[in-house]
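Trainee: Need the 3D shape of this:
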Amino acid sequence: MSTRNHDLDRTLANHDTSLSGFPAVIDERTHTLILGSFPGEASLKAQQYYAFRHNQFWRLLSALLEIDLVTLDYPEKLAILLTNGIGLWDVFKACERKGSLDSAIRAGQLNDFAALQHQYPRLKRVCFNGKTAARIQAHFQSQGYETLALPSSSPANAMQTFEQKLCAWEQIIPPFETIIKPALPSPN
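Mentor: Purely as a prediction, here's the structure:
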């Protein structure tokens, strides 16, 4: 292969790694924001947060909210989170990455967090899903937010069992908060 073709292949390969994330899932009821690092390949393909079936995010939130989010359609999942004051977003709005691992993220561009306090005055707590997301924890602490670094829900975090992760994730829902469950269809 000529050097010219090799350079073109490398340019195309690098171009394919430039990725854009998702908008925040947040509204005026949001008091807790869960920040991931950046959507994985399965999530980008599905255009849904935490779409990879082995990621334990929806199982963890199901256990916390005592609602089976795993089996619900994506819009229903998001509606239940928002109803319970929980929002979702990622640290990076764009990056370069091959694969889904956080360790492969390059040239990460941070989301614009500056307007959060003004736009969402009920937002008091920011939780970080994994070590990569938690790297900006000090920024949120300096802005007066409560923060919580959580073990990653990713299957790449195989050092902890689901139960161990759940023990840490239970801190998202303080004991004084009431969980709002969706109305079940009434039997005819």
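Trainee: so where is the protein shaky, pLDDT-wise?
Mentor: For the chain, the stretches with pLDDT under 70 are 1-16, 102, 175-178, 183-188.
Trainee: Could you pull up the residues touching D73?
Mentor: By Cβ atoms under 8 Å, 6 or more residues apart in numbering, the contact set of D73 is empty. Any C-beta I mention is one placed from the backbone N, CA and C, and that applies to glycine too.
Trainee: So which residues of this protein form helices?
Mentor: Taking DSSP state H as the criterion, the chain contains helices spanning 3-16, 41-46, 57-65, 74-83, 116-119, 131-134, 137-142, 162-169.
Trainee: Need those helices in JSON lines (columns: mean neighbour count and distance to T30).
Mentor: Listed next are the helices of the chain as JSON lines, based on neighbours: other Cβ atoms under 10 Å; distance: least, Cβ to Cβ, whole Å:
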{"stretch": "helix 3-16", "mean neighbour count": "10", "distance to T30": "34"}
{"stretch": "helix 41-46", "mean neighbour count": "16", "distance to T30": "20"}
{"stretch": "helix 57-65", "mean neighbour count": "21", "distance to T30": "14"}
{"stretch": "helix 74-83", "mean neighbour count": "17", "distance to T30": "7"}
{"stretch": "helix 116-119", "mean neighbour count": "14", "distance to T30": "9"}
{"stretch": "helix 131-134", "mean neighbour count": "20", "distance to T30": "17"}
{"stretch": "helix 137-142", "mean neighbour count": "14", "distance to T30": "14"}
{"stretch": "helix 162-169", "mean neighbour count": "15", "distance to T30": "18"}
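Trainee: Compare the ones you listed and give me the one nearest R97.
Mentor: Across those, R97 has its closest neighbour in helix 41-46 (8.9 Å, Cβ to Cβ).
Trainee: what's the closest one packed up against?
Mentor: For helix 41-46, there is no helix or strand it packs on, judged by 3 or more Cβ pairs under 8 Å, 6 or more residues apart in numbering; DSSP states H and E.
Trainee: This completes my enquiry, with thanks.
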